[in-house]
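**Student:** Turn this into a model:
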Amino acid sequence: MQSKHIVVHGRVQGVFFRASAEDAAGRLGVGGWVRNREDGTVEMVVEGEDDAVEQMIAWAREGSSQAWVSGVDVTDTEPQGHRSFEQT
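**Tutor:** As a prediction, the model looks like this:
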């Protein structure tokens, strides 16, 4: 089990990024949350099995079909026991 804090840069707000992240997380079976930040980025915490978390990071590098991702920052975090994934 691992946990990652992810900040996604680019055109990632107003393009269904959070809803698409929630769908991707459901398919991958990871927990956590996603939210817009005031600076125009989107941040997520993703927890789960190593492979599923890595797949979620790969998804974040592409984003939703309408998004344009210019960069992704990933840092390790302590797992908090998230069992579901939600937009906040």
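
**Student:** Can you measure across stretch 70-84, start residue to end residue?
**Tutor:** End-to-end distance for stretch 70-84: 27 Å, by CA to CA, to the nearest Å.

**Student:** Mind checking what secondary structure the closest residue to residue 10 other than its chain neighbours has?
**Tutor:** For residue 10, ignoring the flanking residues on the chain, the nearest one in space by CB to CB, 6 or more residues apart in numbering is residue 70 at 3.8 Å. In short, each C-beta sits where N, CA and C put it, glycine included. Three-state call for residue 70 (DSSP: H, G, I helix; E, B strand; the rest coil): strand.

**Student:** burial measure for residue 70, as a count.
**Tutor:** Using other CB atoms under 10 Å, residue 70 has 11 neighbouring residues.

**Student:** center of the chain, which residue is that?
**Tutor:** Most central in the chain under CA atoms, centre = their mean is residue 44, positioned 4.2 Å from the mean C-alpha point.

**Student:** Tell me if I'm right that that one and residue 20 touch.
**Tutor:** No: if you go by CB atoms under 8 Å, residue 44 and residue 20 don't touch, sitting 11.6 Å apart.

**Student:** Quick check: pLDDT value at residue 52.
**Tutor:** Each residue has a pLDDT score; the one for residue 52 is 98.

**Student:** now residue 73: how far from residue 8?
**Tutor:** 8 Å (CB to CB, to the nearest Å).

**Student:** Of these two, give the one with the bigger neighbour count.
**Tutor:** Using other CB under 10 Å as the criterion, residue 73 and residue 8 rank with residue 8 on top: 24 against 11.

**Student:** Which element, helix or strand, includes that one?
**Tutor:** Residue 8 belongs to strand 2-11 when assigned by DSSP states H and E.

**Student:** Check the offset of that strand from the chain's centre.
**Tutor:** The chain centroid and the centroid of strand 2-11 are separated by 6 Å under CA atoms, centre = their mean, to the nearest Å.

**Student:** what packs against that strand?
**Tutor:** Here strand 2-11 touches strand 42-48, helix 50-62, strand 68-76, going by 3 or more CB pairs under 8 Å, 6 or more residues apart in numbering; DSSP states H and E.

**Student:** Tell me which of these sits most buried.
**Tutor:** Most buried of the helices and strands packed on strand 2-11 by mean neighbour count (mean count of other CB atoms under 10 Å) is strand 42-48; its value is a mean of 24.
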